[in-house]
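Undergrad: Give me a model of this one.
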Amino acid sequence: MRRVISLWLPRFATDRLSRRQPAWRSEPLVTVCGGGFATAACGPLGGHDGGGSVMRVAAANRAAEAAAGIAPGLPLADARARLPGLRAVPAEGGEDMAALAALGDWCGRWTPWVSLDAAGPDAVLGAGHGLWLDITGCAHLFGGEAALLNDMLNRLARFGFAARAAVADTPGAAWAVAHYGGTRQKCVIAPGKMRAALAKLPLKGLRLPMVEADGLERLGFRAIGDL
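TA: Okay, the predicted model is just below:
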């Protein structure tokens with residue numbers, strides 16, 4: 001049976017910058033685009049203003065989120081009103097993708113089948129980065145699926161990357177649990193148990209376009225199990 005890991009790196013852009021500038025890790029940090037500034041590097045702008053008139057947060061580190069609830073999509077002016085000492089640097093979408101590809105190559109230590117995941121619906125302003133790893137037939141070499149996830153997440157933590165991971169029978173199920181499966185850093189969905197694992201997750205876990213997810217919610221559907 002096929003087994004796939006979805007590895008989600010929710011703060012990849014700011015974590016990458018902090019690896020170059022370690023002093024930034026403890027201070028509130030965001031990357032920004034829009035307002036004619038670095039727009040081309042930021043990826044899709046989702047339901048925002050097209051990126052031409054308002055400079056917005058593209059990614060925020062843990063310190064910025066914890067101190068003032070700053071998140072991707074927030075206008076930079078609002079973010080600085082909440083946190084006047086906020087450090088803002090240009091988003092570097094091309095460099096982020098190059099670093100993500102290099103990280104994918106590094107993940108070849110666990111499986112030769114690795115692909116990039118950087119275009120999910122949470123990739124507003126370039127904030128979503130992740131990898132898929134097909135570990136079919138590989139996990140036993142590392143002590144099992146849970147041990148493999150532990151090894152992966154521990155190594156990434158030492159590198160300074162926040163990460164969450166889930167393993168399931170399909171890429172979509174693993175992705176949904178990694179992104180919306182609560183506060184757990186890792187989760188192993190037993191073979192054949194996808195339906196139960198997905199039932200209570202929000203519709204966003206289906207990777208639907210935002211307009212379709214909103215439309216279904218207006219019709220009364222709240223969770224994947226409702227469908």
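Undergrad: next one: phi and psi at Arg56?
TA: phi -130, psi 160 (degrees, to the nearest 10).
Undergrad: For Ser53, report the pLDDT, please.
TA: Per-residue pLDDT puts Ser53 at 73.
Undergrad: typed the wrong thing, it's Thr39
TA: For Thr39, pLDDT reads 42.
Undergrad: With Asp96 instead?
TA: Reported pLDDT for Asp96: 91.
Undergrad: Secondary structure element holding it?
TA: Here Asp96 sits within helix 93-106, counting by DSSP states H and E.
Undergrad: what does Ser18 give?
TA: helix 12-20.
Undergrad: What residues of that helix count as buried?
TA: Buried residues in helix 12-20, counted by 16 or more other C-beta atoms under 10 Å: Phe12, Ala13, Thr14, Asp15, Arg16, Leu17, Ser18. For the C-beta atoms, the positions are set from N, CA and C on the backbone; glycine is no exception.
Undergrad: Kindly indicate which of these lies nearest Ala165.
TA: Phe12 (13.6 Å; C-beta to C-beta).
Undergrad: Let me know the pLDDT of the closest residue to the closest one other than its chain neighbours.
TA: Nearest residue to Phe12, sequence neighbours excluded (C-beta to C-beta, 6 or more residues apart in numbering): His129, at 3.9 Å. Turning to His129, the model gives it a pLDDT of 91.
Undergrad: Return the distance of His129 relative to Phe161.
TA: 10 Å (C-beta to C-beta, to the nearest Å).
Undergrad: Need the overlap of contacts for these two.
TA: Overlap of the contact sets of His129 and Phe161 (by C-beta atoms under 8 Å, 6 or more residues apart in numbering) consists of Leu9, Phe12.
Undergrad: Specify which residue of those two has the higher count of neighbours.
TA: More crowded of His129 and Phe161, by other C-beta atoms under 10 Å: His129, with 28 against 20.
Undergrad: pretty sure that one is touching Leu100, no?
TA: Yes: the pair His129 / Leu100 is scored as a contact, 5.3 Å apart, by C-beta atoms under 8 Å.
Undergrad: hey, where'd the strands end up in the protein?
TA: 4-8, 29-33, 56-60, 87-90, 114-117, 130-134, 164-168, 186-188 (DSSP state E).
Undergrad: Just put the ones you listed in a markdown table and tack on mean neighbour count and distance to Leu201.
TA: What follows is the strands of the chain, written out as a markdown table (neighbours: other C-beta atoms under 10 Å; distance: least, C-beta to C-beta, whole Å):
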| stretch | mean neighbour count | distance to Leu201 |
| --- | --- | --- |
| strand 4-8 | 26 | 13 |
| strand 29-33 | 26 | 28 |
| strand 56-60 | 29 | 24 |
| strand 87-90 | 16 | 33 |
| strand 114-117 | 17 | 17 |
| strand 130-134 | 22 | 16 |
| strand 164-168 | 25 | 11 |
| strand 186-188 | 20 | 11 |
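Undergrad: Go through those and name the closest to Asp105.
TA: strand 114-117 (7.6 Å).
Undergrad: Just the angle for the helix holding Ser18 relative to helix 93-106, thanks.
TA: 80 degrees (axes from the mean of the first three to the mean of the last three C-alpha atoms, to 10 degrees).
Undergrad: Tell me which other helices or strands helix 12-20 touches.
TA: Packed against helix 12-20, as judged by 3 or more C-beta pairs under 8 Å, 6 or more residues apart in numbering; DSSP states H and E, are the following elements: strand 29-33, strand 56-60, helix 93-106.
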